[in-house]
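Enquirer: Please work out how this folds:
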Amino acid sequence: MTGKERSFKSLKEKERETRRDIIIASAERVFSGKPFDRVSIRDIAREAGISHALIYRYFPDQQALFVEAFLRGAEKIVGFLSKLIDENPAGNIEKVTEKFLKHMIENDRYFRMMTHFMLDGTLNKEQIDSLNSMERRLLEQFDRLFDGTDEERRIQSHAFFSAMNGVLISFRNYPGRSRKDVTRHMLRLGSVIAGRFSGRG
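Expert: Numbers count the residues shown, from 1 in each chain. Sure thing, here's the model as predicted:
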């Protein structure tokens, strides 16, 4: 292969990667404005300014694209949580709880996607492995909040993560309440939970 051929191949690969990134970013934007289960490939194609048929050259099916969009969002959540815990090194569970809940409320689309994948049994093995790997990385951040043996830390972080999910699922559509009231209620519940986990409750 000549230098010119290598350059052309490299350029084509970059172009393909850029287009793939545009599709994923478009999917994320569509998810922010529409319930996850009502998003279609056509919606994403329209947002990306391409034909829906072109998306299938990059992703074998709708689920594969949705998984990829979620993984990108989850990467941001792991980064946010890692920085948050770095800034609260003394196991400040109250502060971490408050900021984590606020972040998830503000980035509701990723939480909705996460619960969809947790409950959906149609994923293939590779997709399940990718999601499990991401969940492990997230839980490893929560592990850092707790003292004790590996096993004790793990059960604490799993229980804490489950409690946070419970708050977000149970009250995100609290009937008859404004978004501001719902957020305030969730944060109060988070404070109670943090108190229990930090030994105050």
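Enquirer: Now do the closest residue to Leu65 other than its chain neighbours, the pLDDT please.
Expert: What sits nearest to Leu65 in space, not counting adjacent residues and going by C-beta to C-beta, 6 or more residues apart in numbering, is Phe59, at 4.2 Å. (Glycine included, C-beta is placed from N, CA and C.) pLDDT for Phe59: 92.
Enquirer: does Gly190 really touch Met164, like I thought?
Expert: Yes: between Gly190 and Met164 a contact is recorded at 7.2 Å, counting by C-beta atoms under 8 Å.
Enquirer: what touches both of these two?
Expert: Both Gly190 and Met164 are in contact with 97, 101, where contact means C-beta atoms under 8 Å, 6 or more residues apart in numbering.
Enquirer: burial count for the residue nearest to Leu65?
Expert: Around Phe59 there are 20 other residues, counting by other C-beta atoms under 10 Å.
Enquirer: The residue nearest the centre of the chain sits in which helix or strand?
Expert: Against the mean C-alpha coordinate of the chain, by C-alpha atoms, centre = their mean, the closest residue is Ala74 at 3.1 Å. Under the criterion of DSSP states H and E, Ala74 resides in helix 62-87.
Enquirer: Could you check that helix and say which residues are buried?
Expert: By neighbour count, and taking 16 or more other C-beta atoms under 10 Å as the criterion, the buried residues in helix 62-87 are 64-71, 73-74, 77-78, 80-81, 84-85.
Enquirer: following that helix, which helix or strand comes up?
Expert: Past helix 62-87, further along toward the C-terminus, the next helix or strand under DSSP H and E is helix 93-106.
Enquirer: on contacts alone, who are the packing partners of that next one?
Expert: Taking 3 or more C-beta pairs under 8 Å, 6 or more residues apart in numbering; DSSP states H and E as the contact definition, the neighbouring helices and strands of helix 93-106 are helix 62-87, helix 150-171, helix 179-197.
Enquirer: Contacts for it next, please.
Expert: Helix 93-106 is contacted by residues 77, 80-81, 84-85, 88, 110-111, 145, 160, 164, 167-168, 172, 183, 186-187, 190-191, 193-195, 197-198 when judged by C-beta under 8 Å, 6+ apart.
Enquirer: Check stretch 62-70 too.
Expert: Here stretch 62-70 makes contact (C-beta under 8 Å, 6+ apart) with 23-24, 27-28, 31, 36, 39-41, 44, 55, 58-59, 110, 113-114, 116-117, 122-123, 127, 130-131.
Enquirer: May I ask you to name the longest helix in this protein?
Expert: In the chain, assigned by DSSP state H, the helix with the most residues is helix 3-33.
Enquirer: now that one against helix 62-87, angle please.
Expert: Inter-element angle recorded for helix 3-33 and helix 62-87: 80 degrees (by axes from the mean of the first three to the mean of the last three C-alpha atoms, to 10 degrees).
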